[in-house]
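Engineer: using only what follows, build the 3D model:
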Amino acid sequence: MKALFISSGNSKNGISTLVHNQGMSIQELGHEVSFFTIKGKGIKGYFKHIFILRRFLKQHAFDVIHAHYSLSAIVAALAGATPLVTSLMGSDVKASPALKYGIQFFNTFFWKKVIVKSQDMKVSSNIQDAYVVPNGVDFTKFRPIPKSEALPVTGWDTKKQHILFAANPKRKEKNYALAKQAFDTIANDTIQLHALVDIPNELMPNYFNAADVILLTSLWEGSPNVIKEAMACNCKIVAVAVGDIKKVIGATPGCFVTDFNPDTVARKLQEALAYSPKTKGRHQVAHLDATTIAKQLIHIYTAALS
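Structural biologist: Next comes the predicted model:
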C-alpha cells in the first residue's frame, strides 16, 4: 500500500516528530509512506498549498491519503485528495467553535474516515463513527535508562530532585501557571523545576529518566504522547485528568492523576517524590507500542479503500 502523509511543516525541524515516526512505523510493516508538508502559517499559508498539493497529486499516485490535523485535512480535501483519512488532534476539537463547524462540514462531505486520539475527543468532536486510535510509542527509543547515565545529558544538578514540566511554558493551553503555583508550595533548595523547551526528540528519553517526576497541568489534551513516552520510561507522573490521561496511567503505583487545585497538585508532587522505586508504567502502556498502532492504522486505510 502506498500512503501519503499530509501535515504542517512549520515546526522547528519541519515535519513533526510525531507524524514522521507514525509514518516510519507503517513503513516498517512493509508499506510505502511519502510525506507532503504545508509550510506557511495562517489562512494564506494553507490556502496556497491547495494548488501546490493538487499539482503534486496529479503527478503522483497513492492508495490512501492520511492528513494530520484538521487544517491539513481541509487543504487535502480541497485539493482533491481521495480516499482521505483524517487524524484530529486535541487542539482540533478543543479550540474555536468555528473550527468545529468546519470539521463537521468536511467530515460529512469529504473525509472518508476520521481518527481521534481519545474517547473524550470523540465526544467533543461529535463524530459518532470516528476511530479512537492513540499515537503509538517507540519502545526502542523510550525505555528506562539509569538516572546516573541520563543526568549528565541534561546538565542538571546531580544532588537535587528534579520535576520536569512536560511542555513549553509559553503555550498557554499547557497551563504552566498552575505547575509553578504548585511547585512554589513545596519549593526548597533540594528541588528544581524544569520545562521541555527545544529539546531534540532523540534526547527526550534522557530528560524523562533524569527527572524524578513528570508534571502535566494542561487545560486540555487529546492523548498526550509525552505522558505515554514517560510511562514507557517507567517515570513517576503527576497529571491533571484531561484527555485520556486517567485511562493511560490507570492504577500505576507512583503515577498520580489530580484536579486543577494547586494544593492538590502540590500534595501529589510530594507523594510522587517520596515514592522511591521506578514505576511499572511501561507494562501499563505496552498496548500502545508503535507497531501495534500502525497495524490499526492499516486496518482503517483498508476500510477507507473499500
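Engineer: could you use CA atoms for every contact and neighbour count after this?
Structural biologist: Noted.
Engineer: so how far is the first residue of stretch 62-76 from its last?
Structural biologist: 13 Å (CA to CA, to the nearest Å).
Engineer: oh, that last question was meant for stretch 156-171, not what I typed.
Structural biologist: OK, stretch 156-171 end separation, CA to CA: 23 Å.
Engineer: any idea how far that stretch is from the chain center?
Structural biologist: 19 Å (CA atoms, centre = their mean, to the nearest Å).
Engineer: just stretch 239-251 next, same as before
Structural biologist: 14 Å.
Engineer: also stretch 181-198?
Structural biologist: 23 Å.
Engineer: ok, now stretch 245-259?
Structural biologist: 17 Å.
Engineer: so where is the stretch 51-200 of the chain shaky, pLDDT-wise?
Structural biologist: Applying pLDDT under 70 to the stretch 51-200 of the chain flags the ranges 95.
Engineer: what about 80?
Structural biologist: Counting by pLDDT under 80, the low-confidence segments of the stretch 51-200 of the chain come to 90-91, 93-96.
Engineer: okay, strands next: where are they in the chain?
Structural biologist: 2-8, 32-38, 64-68, 84-87, 113-116, 131-132, 161-165, 191-195, 213-216, 237-240, 255-258 (DSSP state E).
Engineer: other SSEs contacting the fourth one?
Structural biologist: I take that to be strand 84-87. Other helices and strands packing on strand 84-87, by 3 or more CA pairs under 8 Å, 6 or more residues apart in numbering; DSSP states H and E, are strand 64-68, helix 70-78, strand 113-116, helix 290-305.
Engineer: can you redo these as TSV with mean neighbour count and distance to Pro253?
Structural biologist: Output for the helices and strands packed on strand 84-87, formatted as TSV (neighbours: other CA atoms under 10 Å; distance: least, CA to CA, whole Å):
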stretch	mean neighbour count	distance to Pro253
strand 64-68	25	34
helix 70-78	23	36
strand 113-116	23	28
helix 290-305	17	24
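Engineer: among those, which is nearest Gly9?
Structural biologist: When these are compared for distance to Gly9 using CA to CA, the nearest one is helix 70-78, at 10.2 Å.
Engineer: quick one: list the elements packing against that closest one.
Structural biologist: Using 3+ CA pairs under 8 Å, 6+ apart: helix 70-78 touches strand 2-8, helix 42-59, strand 84-87, helix 97-109.
Engineer: mind running it again at 10 Å?
Structural biologist: In this structure, helix 70-78 packs against strand 2-8, strand 32-38, helix 42-59, strand 64-68, strand 84-87, helix 90-94, helix 97-109, with contacts taken as 3 or more CA pairs under 10 Å, 6 or more residues apart in numbering; DSSP states H and E.
Engineer: nearest to Ile300, of the ones you listed?
Structural biologist: strand 84-87 (8.2 Å).
Engineer: and the closest one, C-alpha only, in CSV?
Structural biologist: Extracted C-alpha coordinates of strand 84-87, given in CSV (Å, rounded to 0.1, in the frame of the first residue of the first chain):
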residue,chain,number,x,y,z
LEU,A,84,-8.8,10.8,2.6
VAL,A,85,-8.3,9.7,6.2
THR,A,86,-8.1,12.5,8.8
SER,A,87,-6.4,12.4,12.2
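Engineer: tell me the strands beside that strand, with direction?
Structural biologist: The strands beside strand 84-87 in its sheet (DSSP bridges) come out as strand 64-68 (parallel), strand 113-116 (parallel).
Engineer: output those strands as JSON lines; include the columns distance to Leu215.
Structural biologist: Below are these laid out as JSON lines (distance: least, CA to CA, whole Å):
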{"stretch": "strand 64-68", "distance to Leu215": "26"}
{"stretch": "strand 113-116", "distance to Leu215": "24"}
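Engineer: out of those strands, the one nearest Thr17 is which?
Structural biologist: Among the strands paired with strand 84-87, strand 64-68 comes nearest to Thr17, with 12.3 Å by CA to CA.
Engineer: isn't Ile26 up against His299?
Structural biologist: No. Applying CA atoms under 10 Å as the test, Ile26 and His299 come out as separate, 11.3 Å apart.
Engineer: and for those two, which residues touch both?
Structural biologist: Applying CA atoms under 10 Å, 6 or more residues apart in numbering, one finds that Ile26 and His299 are jointly contacted by Ile293.
Engineer: neighbours around the residue lying closest to Ile191 once chain neighbours are set aside, how many?
Structural biologist: Distances taken as CA to CA, 6 or more residues apart in numbering place Gln161 nearest to Ile191, at 4.7 Å, with adjacent residues excluded. Look at Gln161: counted by other CA atoms under 10 Å, it has 17 neighbours.
Engineer: and Lys41, by the same measure?
Structural biologist: That count, for Lys41 with other CA under 10 Å as the rule, works out to 12.
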